[in-house]
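**Student:** Need coordinates for the below:
(one chain, ligands or ions: 1)
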Amino acid sequence: SNDYDYLFKIVLIGDPGVGKSNILSRIHRNDFNVNYQETDIVEFAQKIFEVQPDGKRVKAQIWDRGGSKKYQSAGFQYYRGAVGVIVVYSITDRASFENATTYWLEELSQFKKSQDDVYRLLVGNKIDLNDKRSVSIDEARQFAENNGLSFIETSALNLNNIDNLFQDVVNGIYNNAKVV
Ligand code: GDP
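**Tutor:** Numbers count the residues shown, from 1 in each chain. Coordinates of the predicted model:
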């Protein structure tokens, strides 16, 4: 028998430096990388979550494009089969918000023609640096509401809302998608 009922592929997108690889590493490990680490591979992490209301077990397989690939646009293969997308910006980096809400969502729509099949979550990371904030909660929440995305703010440094982020995306996919 399987140890899970469903497998969900989820991809991280967003500008380099916003914290994607640290968010991914926080899914199991406690090793926050203080130094900027460049690896040249696509990585993923997997974890089993229980979804409500029926307690089904979902294996979330979350992907990040490492290293130099961060600077290139993602391709069809990266998005292929993905049922959830986590679009990350840094609340301290205005340009990363502008790119999340334009460039990255447009790239996604190019590869995922049927947006209905994809659960999209906008994540403002680095809330531990609130004194350097350059994107307000209201502005980001408004954008998310207007564009059919969920929204959450996180810190991969102090773990604020990281569990909620993963639980939200898994529940959101389960409850929105036509899971049979
Ligand atoms: P990626 O390029 O989007 O994968 O970003 P990384 O995960 O490599 O992080 C880029 C830089 O931001 C690194 O120096 C991290 O230590 C730092 N960083 C990531 N997340 C946070 C966070 O929540 N708070 C703070 N203060 N720094 C962070």
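**Student:** I'd like the distance from stretch 105-113 to the chain centre, please.
**Tutor:** Counting by C-alpha atoms, centre = their mean, to the nearest Å, stretch 105-113 is centred 15 Å from the centre of its parent chain.
**Student:** and if you look at stretch 114-128?
**Tutor:** Counting by C-alpha atoms, centre = their mean, stretch 114-128 comes out at 5 Å from the chain centroid.
**Student:** ends of that stretch, how far apart?
**Tutor:** 35 Å (C-alpha to C-alpha, to the nearest Å).
**Student:** what do you get for stretch 121-139?
**Tutor:** The separation between the terminal residues of stretch 121-139, taken as C-alpha to C-alpha, is 15 Å.
**Student:** Can you pull up the most central residue in this protein?
**Tutor:** Among the residues of the chain, the one closest to the centroid is residue 86, at 2.2 Å (C-alpha atoms, centre = their mean).
**Student:** Tell me which residues touch that residue, please.
**Tutor:** Residue 86 makes contact with 10, 11, 12, 13, 20, 23, 62, 121, 123, 165, 169, according to C-beta atoms under 8 Å, 6 or more residues apart in numbering. Where you see a C-beta, it was placed from the backbone N, CA and C, and this is true even at glycine.
**Student:** backbone phi and psi for it, please?
**Tutor:** Per-residue torsions, residue 86: phi -110, psi 110 (degrees, to the nearest 10).
**Student:** what do you get for the one 3 residues further on?
**Tutor:** Comment: the main-chain dihedrals of residue 89 come out as phi -130, psi 170, following degrees, to the nearest 10.
**Student:** ok, what's across the strand from it?
**Tutor:** residue 124 (DSSP bridges).
**Student:** what does the lengthiest helix in the chain contact?
**Tutor:** Longest helix of the chain, by residue count under DSSP state H: helix 162-176. With C-beta under 8 Å, 6+ apart as the test, helix 162-176 has contacts from 6, 8, 10, 23, 26-27, 47, 49, 51-52, 56, 58, 60, 62, 83-84, 86, 119, 121, 123, 150, 152, 154-156, 179.
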